[in-house]
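Visitor: compute the structure for the input listed below.
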Amino acid sequence: MIDRTKRLGVVLAALVAACSSDTTGGGDAGPVAPPEWRPVLENLDGTLLSVWGTSDKDVWAVGGPRGNAGFESLVVRFDGTQWTRLRPGGVETFWWVFGTGPSDVWLTGEKGRIAHWDGAAFKDFASGTTATLYGAWAASPTDAWAVGGTPEDKNGPQDVLLHWDGAAWKPEALPEALGRVLFKVWGASADDVYVVGEAGTIWHRTAGTWKREGQGVAKDRLLTVQGCSASEVYAVGSRQVLESDGKGTWRVVDTPMLLSDVNGVSCGGDPKRVVVVGGGSLKLRFEDGKWIDDFGKKPFLDLHGAWVDPTGAMWGVGGNFVATPQPNVSRQGVVARYGPGVVPSTLAP
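Guide: Numbers count the residues shown, from 1 in each chain. Here you go, the predicted model:
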C-alpha cells in the first residue's frame with residue numbers, strides 16, 4: 001500500500017510538471033509546441049510586405065491597402081505579449097521597415113513616403129521623389145539608405161538611391177543610369193552595401209564607390225538582398241536564388257525546385273538559418289546544411305517579406321498583394337512564423 005501510494009505520488013508529480021511546461025516560451029500552459037509554420041495574424045485590413053525586428057519580442061510588420069482606396073497604411077508591432085496596431089497616418093502602402101534599434105526605425109513606401117519612429121511617435125521626412133521606395137537599410141542613426149523607382153511608368157523616376165546623413169535624405173547618383181527600378185538595399189557594414197533591382201541589377205558599394213556585379217549570372221528581376229555576413233550574401237527574385245562570396249562573384253544556389261516567384265530572403269540566428277519566401281505560399285529554409293521545402297504548409301497566401309530573429313525563428317508576411325485593386329474592398333494581410341512555441345495572436349486596436 002505504501003509503495004502504491006509512492007508510485008501514485010510520482011505519477012502526479014510528473015503530471016504537474018508536464019502541465020507547468022511552457023507552450024509559448026513565456027507561460028505555463030503545457031509542453032512547448034514543436035517547430036512548424038503557424039499563422040500568427042490573419043485577415044488584416046491590408047496586405048503586409050515587410051517584417052523586421054530588434055528581437056523576438058520586438059517585431060514590426062508593415063504594408064497597406066496597395067491601391068484599394070478607403071484604407072490606411074498598415075503597421076503592426078509585437079512586444080512579446082501582444083500585437084498593437086500603430087497609426088502613422090496616411091494611405092500609402094509601406095514596402096519596407098528597418099532600423100538600428102527600438103527608437104530608430106524607418107518605414108518607406110509609395111509616393112516617396114519616408115516615416116521614422118523615434119520610440120514614441122512617427123515623423124515624416126521629405127524624400128524629394130514621387131517614386132515608390134521599396135527598400136531601406138540603416139548602418140547607424142546617421143547613415144541610412146533607401147531605394148526605389150516607378151515600374152508603372154518608365155518615364156517616371158528610376159534608379160532612385162537616397163542617403164540619410166542624420167539631417168536629411170539626399171539623392172546619390174550611381175555611376176550609370178540604367179533606367180531601372182531598384183528594389184532593396186542591405187549592408188554588411190557602413191561601407192559594404194548592396195542594392196538590387198530590375199533585370200538582374202546588382203550594385204555593390206565599397207571604399208565609397210559603387211560598382212556593378214553579377215552580370216551574366218543575375219538576369220531576372222531581383223527583389224531582395226540580405227546576407228549572413230560580408231562573405232555570404234543572398235539576392236532573390238523571379239525564380240532564382242543567388243549567393244555572393246562578398247568578393248564580386250555570384251552563383252546560382254542549388255535549391256529545391258522553385259514552383260513560384262521568390263520575393264524575400266533573410267538570414268540569421270545561431271546556428272545560422274536562411275529563409276526564402278514567395279508567391280503561392282513558397283517557403284524554403286536552410287538548416288543543418290540542407291534546404292527544406294515547406295511549400296505545402298500554412299499559410300497558403302503569397303508571402304513577400306521574411307526575417308530571421310535572433311533566436312532563429314523565421315517570420316514571413318504577405319497576403320493578397322498581387323490581386324487587382326478594388327476600391328473600398330479590404331486586402332488581406334498575414335503574419336506567419338516558423339519556430340517552437342506559439343506566438344500570441346492578440347491584436348490591440
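
Visitor: where does the chain have its least confident helix or strand?
Guide: Across the helices and strands of the chain, mean pLDDT, DSSP states H and E gives its lowest value to helix 2-19, namely a mean of 37.

Visitor: tell me which residues in the helix or strand that that one is followed by are buried?
Guide: Scanning forward in sequence from helix 2-19 by DSSP states H and E, the next helix or strand is strand 36-45. If you call a residue buried by 16 or more other CB atoms under 10 Å, then strand 36-45 has these buried ones: 37-41, 44-45. C-beta here means a position set from N, CA and C on the backbone, and glycine is covered the same way.

Visitor: strand 36-45 pairs with which strands?
Guide: strand 332-339 (antiparallel) (DSSP bridges).

Visitor: which strands border the helix or strand that Val225 is a member of, and is each parallel or antiparallel?
Guide: In this assignment (DSSP H and E), Val225 forms part of strand 224-229. For strand 224-229, the paired strands and their directions (DSSP bridges) are strand 232-237 (antiparallel).

Visitor: in a helix, Val59, correct?
Guide: No. Counting by DSSP: H, G, I helix; E, B strand; the rest coil, Val59 falls outside a helix, being strand.

Visitor: just confirm it contacts Ala313, I think it does.
Guide: No. Counting by CB atoms under 8 Å, Ala313 is not a contact partner of Val59; they are 9.6 Å apart.

Visitor: what about the residue nearest to Val147 when sequence neighbours are not counted, how many neighbours?
Guide: For Val147, ignoring the flanking residues on the chain, the nearest one in space by CB to CB, 6 or more residues apart in numbering is Leu182 at 3.8 Å. Neighbour count of Leu182, defined by other CB atoms under 10 Å: 27.

Visitor: quick check: bridge partners of Leu182?
Guide: Beta-bridge partners recorded for Leu182 (DSSP bridges): Gly197.

Visitor: residues touching it, list them.
Guide: When the contact criterion is CB atoms under 8 Å, 6 or more residues apart in numbering, the partners of Leu182 are 134-135, 147-149, 159-161, 195-198, 201, 203.

Visitor: go again using 7 Å as the cut-off
Guide: By CB atoms under 7 Å, 6 or more residues apart in numbering, the contact set of Leu182 is 147-149, 159-161, 195, 197, 201.

Visitor: would you verify that Ala188 is located in a strand?
Guide: Yes. Assessed by three-state DSSP, Ala188 belongs to a strand.

Visitor: now the phi/psi pair for the closest residue to it other than its chain neighbours, please.
Guide: Using CB to CB, 6+ apart and skipping the chain neighbours, the partner closest in space to Ala188 is Ala230 (3.9 Å). Main-chain torsions, Ala230, degrees, to the nearest 10: phi -70, psi -20.

Visitor: kindly report the same for Gly112.
Guide: Main-chain torsions, Gly112, degrees, to the nearest 10: phi 70, psi 20.

Visitor: burial count for it?
Guide: So Gly112, with other CB under 10 Å, has 21 neighbours.

Visitor: and the buried residues of strand 36-45, which is closest to Gln326?
Guide: Checking the buried residues of strand 36-45 against Gln326 with CB to CB, the nearest one is Asp45 at 13.1 Å.

Visitor: who does the closest one form a beta bridge with?
Guide: Bridge pairing for Asp45 (DSSP bridges) gives the partners Gln332.

Visitor: stretch 226-241: how far from the chain's middle?
Guide: Chain-centre distance of stretch 226-241: 13 Å, with CA atoms, centre = their mean, to the nearest Å.

Visitor: buried residues in that stretch?
Guide: 226-228, 233-241.

Visitor: what's the answer for stretch 178-190, then?
Guide: Those would be 180-188, for stretch 178-190 by 16+ other CB under 10 Å.

Visitor: with distance to Thr209 added, can I get the residues you listed in CSV?
Guide: Shown next, in CSV, are the buried residues of stretch 178-190 (distance: CB to CB, whole Å):
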residue, distance to Thr209
Arg180, 19
Val181, 22
Leu182, 17
Phe183, 21
Lys184, 20
Val185, 16
Trp186, 18
Gly187, 14
Ala188, 16
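
Visitor: quick check, nearest of the residues you listed to Asp153?
Guide: Comparing these against Asp153 with CB to CB picks out Val181 as the nearest, at 10.5 Å.

Visitor: quick one, what contacts the closest one?
Guide: By CB under 7 Å, 6+ apart, the contact set of Val181 is 148-151, 158, 197-198.

Visitor: now the buried members of these.
Guide: 148-151, 158, 197-198.

Visitor: can you redo those residues as TSV with secondary structure?
Guide: Formatted as TSV, those follow (three-state DSSP):
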residue	secondary structure
Gly148	strand
Gly149	strand
Thr150	coil
Pro151	coil
Gln158	coil
Gly197	strand
Glu198	helix
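
Visitor: possible to save those as TSV with distance to Gly319 and pLDDT?
Guide: Output for these, formatted as TSV (distance: CB to CB, whole Å; pLDDT from 0 to 100):
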residue	distance to Gly319	pLDDT
Gly148	21	99
Gly149	23	99
Thr150	23	98
Pro151	19	96
Gln158	27	98
Gly197	23	99
Glu198	23	98
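
Visitor: can you put those in a markdown table and add distance to Val51?
Guide: Listed next are the buried ones among the contacts of Val181 as a markdown table, based on distance: CB to CB, whole Å:
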| residue | distance to Val51 |
| --- | --- |
| Gly148 | 19 |
| Gly149 | 22 |
| Thr150 | 25 |
| Pro151 | 22 |
| Gln158 | 27 |
| Gly197 | 21 |
| Glu198 | 23 |
